[in-house]
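In: below are the sequence and a predicted model for it; my questions follow.
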Amino acid sequence: MVRVLVTGVGGPAGSSLARQLRELGHWVLGVDMQAVNGSQAHMVSLVSASSSPDYLWELRGLVGAHGIDLVVPTVSDELVLVSEARQGFAPNVEVLIADPAPVRIANDKFLTMTCLANAGVAVPDFGLPGDFASVDQAMARLGGSLVVKPRISRGGRGVQVLEKTADGGRNAAHVWSSLDDSWIVQRFAPGTEYAPVVLHHRPDPDQDDLVVVLEKTELKEGRVGNAVSVRRVEGAESADVAQLADSAVTALGLMGPIDVDVRRLQDGSPVVLEINARFGANSAFAPELLENVLDRYVAGRITGRPA
């Protein structure tokens with residue numbers, strides 16, 4: 001049995017992980033900054049927001065007090081902080097997060113797009129609002145309708161589609177006028193959206209990456225947003241998406257469990273929209289992801305440090 005601390009246990013990713021871990025026979029301490037009702041964790045502790053100077057001290061205290069073996073961060077806001085501080089936990093405690101440099105890149109959607117494009121990984125045409133004189137110019141240069149979203153954000157928060165409409169695009173122009181370069185602009189990919197989950201290992205000729213492709217069958221905001229429902233797709237139907245997701249994770253140098261957003265352009269070709277350096281909300285649809293993580297944790301091989 002592994003004793004696991006899961007952060008953000010009240011959120012979709014954290015609650016799913018807690019349930020999966022319990023079903024596998026492991027002990028789970030969930031933490032959250034708000035009270036959690038009906039958690040699947042064996043115990044839930046309230047902690048400060050990740051922006052608080054007390055947050056890491058609180059996590060370390062809980063790890064020591066409850067004999068935690070494995071820490072799994074699931075909240076986007078904390079990933080860079082926890083990655084940078086992972087060496088500050090006890091030597092026998094595994095913190096399931098990649099190295100700080102690639103986590104910082106994945107945390108910023110514009111840096112993610114830039115690095116992937118430079119590595120030859122397919123992404124939609126993109127830019128910053130400041131690159132364009134107007135929304136009309138952005139549509140002309142990027143090839144049609146646009147998606148705008150904060151460069152640093154959690155999940156689908158703030159995502160909007162801008163397009164020419166019956167009002168002559170006045171609403172799009174109004175939204176555009178409020179944007180600065182803390183936002184990213186992407187060409188809108190109108191096709192099927194996917195949430196491939198990837199477990200990326202350090203180079204090892206005996207270990208292949210694990211990639212499971214999930215199709216988002218319903219989105220919270222209709223055409224954009226978090227997935228309301230997903231289905232698992234395999235074989236030829238998803239081979240190009242799986243290959244693209246694995247290439248993207250490899251290009252950024254991320255390790256461990258990674259959640260990727262991919263969508264098809266009008267011609268059917270897949271492009272990467274963004275990458276989250278953590279378990280996603282839909283990991284229960286790929287249970288082998290967590291099972292593989294735990295197997296490799298026990299063997300001390302997730303990050304190359306002894307377990």
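Out: Structure's in. What do you need?
In: how about low-confidence regions in the chain?
Out: Across the chain, the ranges flagged by pLDDT under 70 are 155-156, 165-169, 202-207, 220-225, 227, 297-307.
In: next, name the residue at the spatial heart of it.
Out: Asn276 (2.0 Å; C-alpha atoms, centre = their mean).
In: correct me, but that one touches Asp108?
Out: No. With contact defined as C-beta atoms under 8 Å, Asn276 does not count as touching Asp108 (12.0 Å). Bear in mind the C-beta positions are built from the backbone N, C-alpha and C, glycine included.
In: shared neighbours, these two?
Out: Taking C-beta atoms under 8 Å, 6 or more residues apart in numbering as the criterion, Asn276 and Asp108 do not both touch any residue.
In: quick one, phi psi at the residue nearest to the centre of the chain?
Out: Dihedral pair for Asn276: phi -120, psi 120, per degrees, to the nearest 10.
In: show me the helices in the stretch 151-300 of the chain, by range?
Out: Secondary structure of the stretch 151-300 of the chain, counting by DSSP state H, counting those that start in this stretch: helices at 170-177, 239-252, 287-298.
In: quick one, helices of the stretch 1-150 of the chain?
Out: With DSSP H, counting those that start in this stretch as the criterion, the stretch 1-150 of the chain has helices spanning 12-23, 55-65, 79-85, 100-107, 109-118, 135-142.
In: pick the most buried one from these.
Out: helix 12-23 (a mean of 22; mean count of other C-beta atoms under 10 Å).
In: which non-adjacent residue is nearest the residue nearest to the centre of the chain?
Out: Asp259 (4.2 Å; C-beta to C-beta, 6 or more residues apart in numbering).
In: try Ser238
Out: Val213 (3.8 Å).
In: next, the contact list for that neighbour, please.
Out: Applying C-beta under 8 Å, 6+ apart, we find Val213 in contact with Tyr194, Pro196, Arg232, Val233, Glu234, Ser238, Val241, Ala242, Ala245.
In: my guess is the last one contacts Asp259. True?
Out: No. Ala245 lies out of contact with Asp259 (C-beta under 8 Å); the separation is 9.5 Å.
In: right, and Phe95 touches Val71 too?
Out: Residue 95: Val, not Phe. Yes. Counting by C-beta under 8 Å, Val95 sits close enough to Val71 to count as a contact (4.6 Å).
In: list residues touching both of these two?
Out: Val82, Phe89.
In: make JSON lines from the helices of the stretch 1-150 of the chain and add distance to Gln40 to it.
Out: Compiled in JSON lines, the helices of the stretch 1-150 of the chain are given as follows (distance: least, C-beta to C-beta, whole Å):
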{"stretch": "helix 12-23", "distance to Gln40": "4"}
{"stretch": "helix 55-65", "distance to Gln40": "18"}
{"stretch": "helix 79-85", "distance to Gln40": "22"}
{"stretch": "helix 100-107", "distance to Gln40": "26"}
{"stretch": "helix 109-118", "distance to Gln40": "31"}
{"stretch": "helix 135-142", "distance to Gln40": "43"}
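In: returning to that earlier point: name the residues contacting each of Ala245 and Asp259.
Out: Common neighbours of Ala245 and Asp259 (C-beta under 8 Å, 6+ apart) are Val198.
In: so which of the two has more stuff around it?
Out: Neighbour comparison, Ala245 and Asp259: the larger count goes to Ala245, with 30 against 26 (by other C-beta atoms under 10 Å).
In: residues near Asn171, how many?
Out: By the measure other C-beta under 10 Å, the count of residues near Asn171 is 14.
In: I meant Gly67, not that one.
Out: 11.
In: hang on, it packs against Val2?
Out: No. Checked against C-beta under 8 Å, the pair Gly67 and Val2 is beyond contact range at 10.7 Å.
In: pull the contacting residues for Gly280.
Out: Applying C-beta under 8 Å, 6+ apart, one finds that Gly280 lies in contact with Ala13, Ala195, Val197, Asp259.
In: contact partners of stretch 129-146?
Out: Stretch 129-146 is contacted from outside by 124-127, 148, 161-164, 169, 172-173, 175-176, 179-181, 183, 185-188, 190, using C-beta under 8 Å, 6+ apart.
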